[in-house]
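Q: From the sequence below, what's the structure:
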Amino acid sequence: MKNSQMKNLFLFLFFLLAAAMPLFSAVVPPGLESASKEIQDVFTGPIVTVILVCCLAGCGIAYAFNKDNEKMKRNIIAIAIGILIVGSAAAIVGEIIKIK
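A: Purely as a prediction, here's the structure:
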């Protein structure tokens, strides 16, 4: 098969699985739900928020003091974007849980 045919097959299977996800939610045992809630609490808790804020502040300081090193600046910006994505993902998950 060609690469585009494999890609189309993969996307079709992915969308088929995504469409069937509501059917699987009724099958999840209650013990697994409590374990997933505990794991979510670890990533959305105040300790992780403080760690992410400290890392982001460290990225800002490193960016300010690396005036000539362009490679280091690119790395710092990439790390800061990663921190922001993790932090916002935790906030988005927290808001989704509040809605339910």
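
Q: which strands and helices sit next to the worst-scoring helix or strand of the chain on mean pLDDT?
A: One helix or strand of the chain scores below all others by mean pLDDT, DSSP states H and E: helix 30-44, with a mean of 73. Judged by 3 or more CB pairs under 8 Å, 6 or more residues apart in numbering; DSSP states H and E, helix 30-44 is in contact with helix 70-99. The C-beta positions use only the backbone N, C-alpha and C, and glycine is treated the same way.

Q: Just the buried positions in stretch 82-99, please.
A: Within stretch 82-99, the residues that count as buried by 16 or more other CB atoms under 10 Å are 83, 87, 90.

Q: other SSEs contacting the next helix or strand after the least confident helix or strand of the chain?
A: Toward the C-terminus, helix 30-44 is succeeded by helix 46-65 as the next helix or strand (DSSP states H and E). If you count contacts as 3+ CB pairs under 8 Å, 6+ apart, helix 46-65 packs onto helix 70-99.

Q: Run the angle between the helix it packs on and helix 30-44 for me.
A: Interaxial angle, helix 70-99 versus helix 30-44 (axes from the mean of the first three to the mean of the last three CA atoms, to 10 degrees): 140 degrees.

Q: Could you tell me how far helix 70-99 lies from the centre of the chain?
A: Distance, stretch centre to chain centre, for helix 70-99: 8 Å (CA atoms, centre = their mean, to the nearest Å).
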